[in-house]
Structure formats: C-alpha cells, structure tokens
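# Provided below are the primary sequence and the corresponding predicted coordinates.
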Amino acid sequence: MLVRTEKLKKHFTIGRGQTLHAVDGISLTIDENEILGLVGESGSGKSTFGKALIGLHPKTSGEAYYDGERLPDRFSTKDHLHYSKQMQMIFQDPYSSLNPRMTVLDIVGEGPGIQGLQSNSEIRDKVAFWLERVGLNADHMSRYPHEFSGGQRQRIGIARAMIIEPRFVVCDEPISALDVSVQAQVINLLDELKQSMGLTLLFIAHDLSMVRYVSDRMAVMYLGSLAEVGPSNDVFFEPQHPYTQFLVESNPEPDPNLERRHAFKPIIGEITSPVNVQAGCRFADRCPKVMDRCMVETPDLIALSGDRQVACHLFD
C-alpha cells in the first residue's frame, strides 16, 4: 500500500470548551495506482481528512503513513518541501484556489521554482508542456485566472498539481463546480494522467455515480467517521450501512422516465451535532433500524466478506 491512516483525528477548538470533531478516527489504506473514492454529505469531513492527510491541517491524533514512512503530525516548511514532491492536491474551488494577481505561468511554475529544480527558461518550457497536456494553449501562460472559464481554471489547477509529477494526489471535489460536459472532460483527463503517470488518487466527491465510475474502491463518510468501505460496484449496488442505502436511493436516475417514477425517500431526523460528540452511532438519530445500543455504543468498522467493511451494530 502507498497511503495508510490509523485512527486519524482532526478536531477544531471553537471556544467556550467546545470542540468540533471534523475527522474522528479514520483508518484507511490506499494501494499504489489505486483510486479510492470518498463520498458523503457536505460537512462530513471529507475535505478536512484529505488536507490533514497531506499536511495542510495539523493532525489532532492518530497516524498517517506514506510509502511506509510516518508523516509528521504538524508539517514544517522543510516537511512541505520534501513531501510536496510526492503528494499534491487539486482543490475544490477552481477560482479561489488560484491567486488572481498571478499569471498562469507564475501559478503553474511556482512548484518547480520552489523546489529549485530548473532555471526560468526550463520552468517556462515545462509550464507550456503541461498546459498543452491538460488541454490548454501554451500562450495562455501570460493570462490571469479571471480570463478563464471554470473548466479551464480547473485544468490550470490540475497542471499546477501534476507539474511536480507526484505519486499521490488528493482530488477534492474537482468536478463539483463544473458543467456536466466539462466534468466528463476533467474525469477523462485525470484517468489519462493516472494511466500514463501511475498515479494514486483520493477522489473526494458527492456524486455516487461518478465515484463508482472513477474509483476502484469507495469509502462512505458521515460526520467525521467511516460508515462503509468496499469495492465501488459492491458498495453502490449492494450497500450495507443504512446511511449508504439512503445515499444510493437519493442518487438520481440518468433516464428521465425512470427518475420520474423514482420514489424519493428523505432521511428523517436531525443531523447529530459534530460539536463535543458523545458515544454512540453518529447516524442513530436518523436511522430507521436504530437499536438501544446504537445510542450509547460507537460501532467499530468491522470486516465483512469480499473486502467489505461496515460500521454498524446490525453486523456486529
């Protein structure tokens, strides 16, 4: 395996003795050249997990490993310089993640410049190469981010991450702000780069259908904890955790006629607060199969058959 986390936690202190449990004990593995899809509702902690994994957030507790080497709990400048050659991130918002005062040349070429690997002319040539590779023109390097569409800005973000030629990339909802046709282009681009560069990806998204199509395995996250992990097709077509079942049922049908006949089943109940979380299942207040023990005992992620894992007392 290339990436592994053991009970990784990231909590935020928000004052008055309150602590926000954004990521609460995530244990995951990602094999080399694998795409792991991470799905869940907004606010479930997906992006925070990705940022804590690669050092953009200091870890509260737990451990993360890259290629067998334990990653620091809090990255120093030296750590960022060292690990940025191996790990990169494509951010969710293709506009706010790009400095509006910098040209595309400065944005994409900043990584090689910081690493001190090339002269200015070499950086310019490499930026031109990567702009062409992600579907832009080399003469775009003199422009600013506001001169591009959303899809083009996302391609700039991809070029910025890939120019270092990393082995592991966190894709933080890289298609959520894009039109459907542009989403397909970006997904195809990431797939081509994965095949040609041997990339390992953590693909964070809301769209279960897209994650099933893109990823080899899928992990379902709810309020900072994992609900279910397994091969993408198995999790999508045979969900085990009640929360995963609701997610799959809420996924729209691509056929409009089928979608009209698709009965929508909303999740009833209030979302448990992620502040000062108490023991018990995070989904207990909304689960139709809740039991007494669910309210007081936090379920562990247990192994099922066929490389499946689920955190639910129904299977304990």
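Sure thing, it's come through. Owing to the predicted nature of the structure, the values given are computational and were not obtained by experimental measurement.

# can you give me how far the least confident helix or strand in the chain by mean pLDDT is from the chain middle?
Ranked by mean pLDDT, DSSP states H and E, the helix or strand of the chain with the weakest confidence is helix 256-261, at a mean of 73. Taking Cα atoms, centre = their mean, to the nearest Å, the mean C-alpha location of helix 256-261 is offset from the chain mean by 30 Å.

# Could you do stretch 266-279 as well?
Distance, stretch centre to chain centre, for stretch 266-279: 22 Å (Cα atoms, centre = their mean).

# which residue packs closest to S142, ignoring adjacent ones?
Closest residue to S142 apart from its sequence neighbours, by Cβ to Cβ, 6 or more residues apart in numbering: T103 at 5.8 Å. Quick note: C-beta positions are derived from backbone N, CA and C, even for glycine.

# can you pull the contacts of the one you found?
Listed by Cβ atoms under 8 Å, 6 or more residues apart in numbering, the contact set of T103 reads M141, S142, R143, Y144.

# Would you list the phi and psi of G17?
Phi and psi for G17, reported as degrees, to the nearest 10, are phi 70, psi 20.

# burial of it, as a residue count?
Per other Cβ atoms under 10 Å, the neighbour tally for G17 reads 7.

# Against I14, how distant is the residue lying closest to it once chain neighbours are set aside?
Nearest residue to G17, sequence neighbours excluded (Cβ to Cβ, 6+ apart): N276, at 8.0 Å. For N276, the distance to I14 equals 10 Å [Cβ to Cβ, to the nearest Å].

# Also V170?
25 Å.

# Neighbour count: those two, which is higher?
Using other Cβ under 10 Å, the more surrounded residue of V170 and I14 is V170, with 25 against 11.

# tell me which element that one falls in.
Using DSSP states H and E, V170 sits within strand 168-172.

# List the buried residues in whichever helix or strand comes after that strand.
Remark: after strand 168-172, the chain's next helix or strand is helix 180-197, criterion DSSP H and E. Applying a neighbour-count criterion of 16 or more other Cβ atoms under 10 Å, one finds V182, Q183, Q185, V186, I187, L189, L190, L193, K194 buried in helix 180-197.

# related to what we said a few turns ago, mind giving me the packing neighbours of the strand holding V170?
When contacts are defined as 3 or more Cβ pairs under 8 Å, 6 or more residues apart in numbering; DSSP states H and E, strand 168-172 sits against helix 46-53, strand 87-90, strand 200-204.

# Give me the sheet partners of the last one and which way each runs.
In this case it means strand 200-204. Sheet pairing for strand 200-204, assigned by DSSP bridges, gives strand 35-39 (parallel), strand 168-172 (parallel).

# Nearest to S232, out of the helices and strands packed on strand 168-172?
Closest of the helices and strands packed on strand 168-172 to S232 is strand 200-204, at 10.2 Å (criterion: Cβ to Cβ).

# can you pull the alpha-carbon coordinates of that closest one into PDB?
Provided in PDB are the C-alpha atoms of strand 200-204 (Å, rounded to 0.1, in the frame of the first residue of the first chain):
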ATOM      1  CA  THR A 200      -2.600   7.000  -6.800                       C
ATOM      2  CA  LEU A 201      -5.700   9.200  -6.200                       C
ATOM      3  CA  LEU A 202      -8.000  10.000  -3.300                       C
ATOM      4  CA  PHE A 203     -11.100  11.200  -5.200                       C
ATOM      5  CA  ILE A 204     -13.500  13.200  -3.000                       C
END
